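Visitor: Fold the following.
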Amino acid sequence: MIPSAVVFDVGNVLVEWNRDRLYVELIPEAQKRADFFNEVLTMQVNLALDAGVPFGALLGELADMHPRWRSEILAFNSRWGDTLGPQDDAMVTLVGDLKSAGVPVYALTNFAAEKWPVALERHPWLDGLDGAVISGHERVTKPDPKIYDVLVERYELDRASTWFTDDAVINVEGARAAGWQAELFVDAATTRHILSSLGVL
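Guide: Sure thing, here's the model as predicted:
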């Protein structure tokens with residue numbers, strides 16, 4: 001089935017996101033930085049923030065639990081913008097080509113509600129998408145089935161002809177379980193090739 005709508009993840013699909021962009025400065029020693037991410041500022045903490053837990057409350061509690069890392073923990077709020085990298089220009093071009101072809105383009109992203117405005121300020125073209133579902137606004141993250149339902153219901157999409165790509169296998173599997181077409185993101189060229197082969201471009 002030819003997709004009638006295309007949905008992209010944001011972080012590391014449309015725009016680079018990497019905690020090392022900040023923490024290589026704050027914790028230069030690679031092993032200490034790895035320990036910090038594994039034991040303190042874990043991806044579970046990041047997922048809770050993406051689910052709408054306030055940065056101030058969660059990071060403040062975490063800083064109290066790990067006082068030796070207080071300044072580094074709190075920097076994830078005050079300097080979060082430093083974790084956000086450049087856009088993928090080839091993906092931006094692809095978005096433009098899809099829209100020019102009359103194909104609606106949406107974003108479905110695990111992203112903290114407090115920090116989404118930072119992304120829009122840095123990359124205002126994101127606001128030109130046909131729609132976006134932000135986990136922090138919905139208080140539910142991929143791969144929970146509810147967040148896929150939010151997008152198709154809000155924008156009145158047909159599940160079977162909705163195509164999605166994400167850099168996390170678990171989120172791709174969640175989209176497939178929701179009845180979408182979905183592929184793991186590799187790069188812009190691969191994404192363009194897949195969409196072309198499906199007859200979208």
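Visitor: Go ahead and list the helix or strand containing the residue nearest to residue 3 when sequence neighbours are not counted.
Guide: Distances taken as C-beta to C-beta, 6 or more residues apart in numbering place residue 163 nearest to residue 3, at 3.6 Å, with adjacent residues excluded. In short, each C-beta sits where N, CA and C put it, glycine included. Using DSSP states H and E, residue 163 maps to strand 162-166.
Visitor: other SSEs contacting the next helix or strand after that strand?
Guide: Going down the chain from strand 162-166, the next helix or strand is helix 169-177, by DSSP H and E. If you count contacts as 3 or more C-beta pairs under 8 Å, 6 or more residues apart in numbering; DSSP states H and E, helix 169-177 packs onto helix 145-154, strand 162-166, strand 181-184.
Visitor: What strands flank the shortest one, and is each parallel or antiparallel?
Guide: Strand 181-184 has its sheet partners listed here by DSSP bridges as strand 162-166 (parallel).
Visitor: related to what we said a few turns ago, residues near the residue nearest to residue 3, how many?
Guide: Here the number of neighbours of residue 163 (other C-beta atoms under 10 Å) works out to 23.
Visitor: The one 4 residues further on now?
Guide: By the other C-beta under 10 Å criterion, the neighbourhood of residue 167 contains 14 residues.
Visitor: shouldn't it be in contact with residue 185?
Guide: Yes - look at residue 167 against residue 185 with C-beta atoms under 8 Å: they come within range, at 4.6 Å.
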